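# okay, here's the prediction I keep looking at, along with the sequence it came from:
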Amino acid sequence: MDLDEILLEAEDKMSKAADYFKEELRGVRTGRAHTGLVDHLHVEYYGSSTELRQLAAISTPAADLIVIKPFDPGSLKDIERAIQASDIGLTPQSDGKVIRLAVPTLSGDRRRQLIHQVKEMSEQSKVAIRNARRDGNKEIDKAEKDKSNPVSEDDAKRAKDEIQKLTEQYEKKIVDLLADKEREIEEV
């Protein structure tokens with residue numbers, strides 16, 4: 001494997017870790033209603049697990065309310081069951097056509113718990129980024145020792161420096177996403 005491929009693979013892994021963290025943050029509840037709380041939920045619909053956003057229109061007409069309008073009225077009960085089984089802590093209220101989820105304001109203790117949870121998630125993402133760096137550096141070391149197509153020491157050093165820059169760039173992205181989410185959770 002040449003150095004460019006190694007760098008691309010490391011950057012791809014780091015990018016996926018950051019994207020995964022960003023998606024996970026969408027599911028963390030804050031004091032304000034947003035569709036990201038429920039659109040990723042999986043609903044058992046005709047024997048297969050389907051994401052809620054594929055089964056219903058989801059909107060937030062007010063800061064403390066999520067409205068779910070199924071495309072197929074027959075899936076209403078399945079959607080209710082999926083919401084009750086999830087860990088979002090909201091109770092669905094149905095009128096037979098739409099489901100309403102009232103999003104209560106968070107207590108101070110709950111806000112602190114959520115911030116702690118989000119910080120743990122960010123640390124896991126940083127570990128994934130560092131693992132990508134470690135794997136990339138190992139591949140560079142292998143390429144440097146390869147007898148058939150050796151890489152010079154200078155090229156290997158430049159590639160490792162580039163991987164370190166990528167690591168710092170993606171870790172900063174994680175820190176920025178975390179700071180934004182903390183502000184959102186603290187907002188009353």
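That came in fine, so what should we check first?
# the domain parsing of the chain - what is it?
Taking automatic domain parsing as the reference, the chain has its domains at 3-26+107-186, 35-102.
# gap between the two ends of stretch 100-107?
Distance across stretch 100-107, first residue to last, is 22 Å (C-alpha to C-alpha, to the nearest Å).
# for it, which outside residues touch it?
Residues outside stretch 100-107 that contact it (C-beta atoms under 8 Å, 6 or more residues apart in numbering) are 29-33, 37-38, 64-68, 83, 90-94, 114, 185, 188. For every residue, glycine as well, the C-beta is placed using N, CA and C.
# from those residues, which would you call buried?
Among the contacts of stretch 100-107, those classed as buried by 16 or more other C-beta atoms under 10 Å are 29-33, 37-38, 66-68, 83, 90, 92, 114, 185.
# which members of those occur in helices, if any?
Among the buried ones among the contacts of stretch 100-107, the residues falling in helices (DSSP state H) are I83, L114, I185.
# you'd agree Q84 is up against Q93?
No - checked against C-beta atoms under 8 Å, the pair Q84 and Q93 is beyond contact range at 11.5 Å.
# now the common contact residues for the two.
Contacts common to Q84 and Q93, judged by C-beta under 8 Å, 6+ apart, are absent.
# OK, contacts around the closest residue to T167 other than its chain neighbours?
Leaving aside its chain neighbours, T167 sits nearest to R133 (4.5 Å; criterion: C-beta to C-beta, 6 or more residues apart in numbering). Contacts for R133 were tallied using C-beta under 8 Å, 6+ apart; they are A10, M14, I163, Q164, L166, T167.
# three-state assignment of the fourth one?
What that stands for is Q164. Here Q164 is helix, with the state taken from DSSP: H, G, I helix; E, B strand; the rest coil.
# I'd like the distance between it and K77.
According to C-beta to C-beta, to the nearest Å, Q164 and K77 sit 53 Å apart.
# same thing with T50?
Distance, T50 to K77, by C-beta to C-beta: 14 Å.
# more neighbours: which of those two?
Of the pair T50 and K77, T50 is the one with more neighbours under other C-beta atoms under 10 Å, namely 17 against 11.
# that one against L41, yeah?
No - taking C-beta under 8 Å as the definition, T50 is not a contact partner of L41, at 9.8 Å.
# surely V43 forms part of a strand?
Yes - checked against three-state DSSP, V43 lies within a strand.
# residues in contact with it?
By C-beta under 8 Å, 6+ apart, V43 lies in contact with S49, T50, E51, L52, L55, S75, D78, I79, R81, A82.
# what about the closest residue to it other than its chain neighbours, how many neighbours?
Using C-beta to C-beta, 6+ apart and skipping residues adjacent in sequence, the residue nearest V43 is A82, 4.2 Å away. Here the number of neighbours of A82 (other C-beta under 10 Å) works out to 22.
# what's the distance between A82 and S49?
From A82 to S49 the distance is 9 Å (C-beta to C-beta).
# list residues touching both of these two?
Shared contacts of A82 and S49, defined by C-beta under 8 Å, 6+ apart, are found at H42, V43.
# having no further points to raise, I will conclude here.
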